[in-house]
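Enquirer: Let me see the structure of the following:
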Amino acid sequence: MELTGTILRGRSFDPIEGRLVVEDGEITAIEEAPTDSTDIILPAFVNAHTHIGDSIAKEAGGGLSLDELVAPPDGLKHRLLRAADRSEMVSAMRRSISFMQQTGTAAFIEFREGGTEGVEVLREAADGQPVEPVILGREEIAAMEASDGYGASGARDAEFGPERTATREARKLFGIHAGERDELDINPALDLDPDFLVHMVHPQQIHFERVEDNNIPIVVCPRSNLVTNVGIPPIAEWCNRTTVALGTDNVMLNSPSMFREMEFTAKLADVSATDVLQMATVNGAEIAGLDYGVLEAGRPAKLQVLDGDSDNLTGANEVVRAVVRRAGASDVKAVYL
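Expert: Numbers count the residues shown, from 1 in each chain. Coordinates of the predicted model:
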């Protein structure tokens with residue numbers, strides 16, 4: 001397969017005109033050459049934090065607080081999940097995964113409710129689809145053993161020491177929510193030596209220093225934080241200190257579109273378009289342990305093609321900035337996963 005157009009090459013997404021060659025699912029060459037193609041070729045996204053089980057309840061709970069919406073065990077989300085039957089859950093999650101594919105996402109890191117059964121339900125929903133779920137089980141160590149790791153709800157809910165020890169011994173991924181409503185659960189979360197933290201809206205100076213000193217990645221979900229009225233994470237400061245990735249969080253609150261998350265982030269935070277595109281691609285891939293997110297020879301061909309001549313994108317002077325701040329689902333011509 002050969003694709004031509006403006007290629008966002010390498011980790012810095014340097015736009016070049018030319019051709020990209022794919023053989024057996026791998027990028028074998030990227031060459032500069034004159035082309036008449038107006039296509040824009042970029043890596044597929046990695047959504048670094050999702051809860052897609054609540055795809056059954058989109059836009060439920062308007063006006064409720066964070067705790068009323070999602071806090072375990074009796075927040076609205078958890079009551080709706082308990083009331084849903086398996087087939088309803090599988091169908092709803094399958095539709096969300098399909099939407100992620102259509103909007104250029106290659107993989108997502110899912111904090112999966114429901115213990116081992118919840119892991120099995122997501123595997124059934126993802127079966128046969130090209131989008132790769134990185135599943136972090138919750139609620140029991142067996143869910144970690146059945147999945148790719150453990151996704152802890154937060155240190156105010158439990159101590160999570162046994163879960164952290166078991167996940168480390170299994171050499172799997174351990175992530176935890178922290179600092180979403182206030183700073184009180186950040187130090188206990190950091191004490192667990194997690195592989196990554198999610199949200200971190202309310203850090204104090206000691207937390208910035210601990211994260212930087214220990215090189216712990218942060219996944220921010222600014223649209224979700226706005227909807228739940230908990231504040232906005234200090235994204236620029238985090239980018240100065242550690243690896244930062246983007247997640248769309250609960251499907252009940254926001255669509256799992258990385259285009260929308262990128263646009264919101266770029267217009268909210270004092271960071272460059274290149275920074276935001278890295279947050280949506282290679283940074284999330286590195287947290288997940290995937291070799292995605294960069295267009296280079298030798299890398300898997302997980303990529304997408306945008307119509308640079310669409311009514312939305314034609315005339316763009318800065319390609320990366322246009323991709324980050326204005327591209328959307330209607331601009332996607334093809335996704336290769």
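
Enquirer: all helices for the stretch 101-250 of the chain, in order.
Expert: Here the stretch 101-250 of the chain has its helices, by DSSP state H, counting those that start in this stretch, at 115-126, 141-145, 161-169, 186-191, 205-214, 222-227, 235-241.

Enquirer: Nearest to residue 75, out of those helices?
Expert: Among those, helix 222-227 comes nearest to residue 75, with 14.0 Å by C-beta to C-beta. In short, each C-beta sits where N, CA and C put it, glycine included.

Enquirer: Show me the contact partners of that closest one.
Expert: For helix 222-227, contacts defined as C-beta atoms under 8 Å, 6 or more residues apart in numbering pick out 180, 199, 201, 231-233, 235, 247-250, 253-254, 260-261, 264-265, 268-269.

Enquirer: Name the helix or strand for the closest residue to residue 42 other than its chain neighbours, please.
Expert: Distances taken as C-beta to C-beta, 6 or more residues apart in numbering place residue 8 nearest to residue 42, at 4.3 Å, with adjacent residues excluded. Per DSSP states H and E, residue 8 falls inside strand 2-9.

Enquirer: Check which helices and strands that strand is in contact with.
Expert: Judged by 3 or more C-beta pairs under 8 Å, 6 or more residues apart in numbering; DSSP states H and E, the packing partners of strand 2-9 are strand 14-23, strand 39-43, strand 303-307, helix 319-325.

Enquirer: Next, the buried residues of the longest one.
Expert: Along strand 14-23, the positions that meet the burial threshold by neighbour count (16 or more other C-beta atoms under 10 Å) are 15-16, 18-20, 22.

Enquirer: got it, and stretch 254-264?
Expert: Applying a neighbour-count criterion of 16+ other C-beta under 10 Å, the buried positions in stretch 254-264 are 254-264.

Enquirer: repeat for stretch 302-310
Expert: Neighbour counts over stretch 302-310 (16+ other C-beta under 10 Å) mark 302-308, 310 as buried.

Enquirer: Which single one of those is nearest to residue 151?
Expert: Taking the buried residues of stretch 302-310 together and measuring to residue 151 by C-beta to C-beta, the closest member is residue 302, at 22.7 Å.

Enquirer: Fine by me, thanks again.
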